[in-house]
Every structure is written in C-alpha cells, then in structure tokens.
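[1] okay, predicted coordinates and the sequence, questions at the end:
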Amino acid sequence: MPKSLGKDSTCSIARSLEVLGDRWTLLILREALIEGSTRFQEFREALGVAPNLLAQRLTFLIEEGLLTRRTYQTAGTRARDEYVLTEAGRSLNLVIAALSDWGRTCRPRSDGTSPSFAVEDSGTLVRLAFVTEDGDQVDAEQLVARRASDRELVGR
C-alpha cells in the first residue's frame, strides 16, 4: 500500500497520506474512534467492506502503529483478535474532526450525521479552532500556509 507521493515525499502531508490516504483506512479509524469498534465483525457490519480488504487494512494499521492487536476469548469460543487504537491512532481524533467539519460545511446533506466531540470527564462539547500563541481564535479564512521545516515547528 505505501508509496511515495509526489516529488516532495518529505512533506508531512505526503507522509500522512502514505498511511491515511485510503478511504477504508479512514473509515476503519472513524469506527474505532467514534463507535469504539475493536472487533473484526464490528468493522465489517459498520462498513460493509470485503473481509479480505478489511484484514489487509487492519494489518497495515497495526504495522503503521495506529492499532495494536490483542487476543480475547469469551467463554466457550475460540480465541480471537481485537484491534485497539494506540496513542497515535487516538490522536487522529483531530483529523476525523476536521474531515467531519469540512464535510458538514462543504458537502451538506439534509440526512447527514456528524460526530460531536466532548471532554470525557465533563461532557463539555468542544470544537476545532485555530488559536494563536496568545490564545486568540483565528478564522480559517484569515490564514495562509507556508512550507516550514519540521524542526522549526516542534514544540509550537
């Protein structure tokens, strides 16, 4: 699955898309993040994806460090694997939230659904925002993006 994207494969966006650029991959992660799915059959039922394709994507996500495989067994059944998000996988909440916001805004549907995000302990709803170092919120329309070295951005 992984392949170099474009001339500048050192770009963080290209590096991310090497892992996340497949729609099934993002939908598996959506199910794990939003629905808490961990079992093969849960992903199959939610997505309707072919079992061979799902197995391939789950293996890839394990290899890339977004999921980890854990064995479980319920009484009277054979041992099976479940697929649990790693810290790197859980951190994709931000990506899923951004895709959701974009889809809701730029691809609206009257019958559409979207996840909501809340602080786990309090239930307080949260939303994505661009925030300056001083804590001021900035509208996305006011921003420009420039290429910078990863070293320059560490810790910001």
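    Arrived safely, thanks for sending.
[2] now do stretch 82-90, average pLDDT.
    Throughout stretch 82-90, pLDDT has a mean value of 98.
[3] show me what it is in contact with.
    29, 32-33, 38-40, 43, 58, 61-62, 65-72 (C-beta atoms under 8 Å, 6 or more residues apart in numbering). Every C-beta, even on glycine, is put in place using the N, C-alpha and C of the backbone.
[4] in helices, which of those appear?
    Counting by DSSP state H, the contacts of stretch 82-90 place Leu29, Phe40, Phe43, Leu58, Leu61, Ile62 in helices.
[5] going by distance to Arg80, which of these wins?
    Phe40 (7.5 Å; C-beta to C-beta).
[6] ok, now which ones touch that closest one?
    Phe40 neighbours (C-beta under 8 Å, 6+ apart): Pro51, Leu54, Ala55, Leu58, Arg80, Asp81, Tyr83.
[7] switch the cut-off to 10 Å
    Pro51, Leu54, Ala55, Leu58, Arg80, Asp81, Glu82, Tyr83 (C-beta atoms under 10 Å, 6 or more residues apart in numbering).
[8] run a quick neighbour tally on the third one.
    This points to Ala55. The tally of other residues near Ala55 (other C-beta atoms under 10 Å) stands at 14.
[9] which element is it on?
    helix 51-63 (DSSP states H and E).
[10] what lies in contact with that helix?
    Taking C-beta under 10 Å, 6+ apart as the rule, helix 51-63 contacts 1-2, 19-20, 22, 24-25, 27-29, 32, 40-41, 43-44, 47-50, 66-69, 81, 83-86, 88-89.
[11] fine by me, we can end here.
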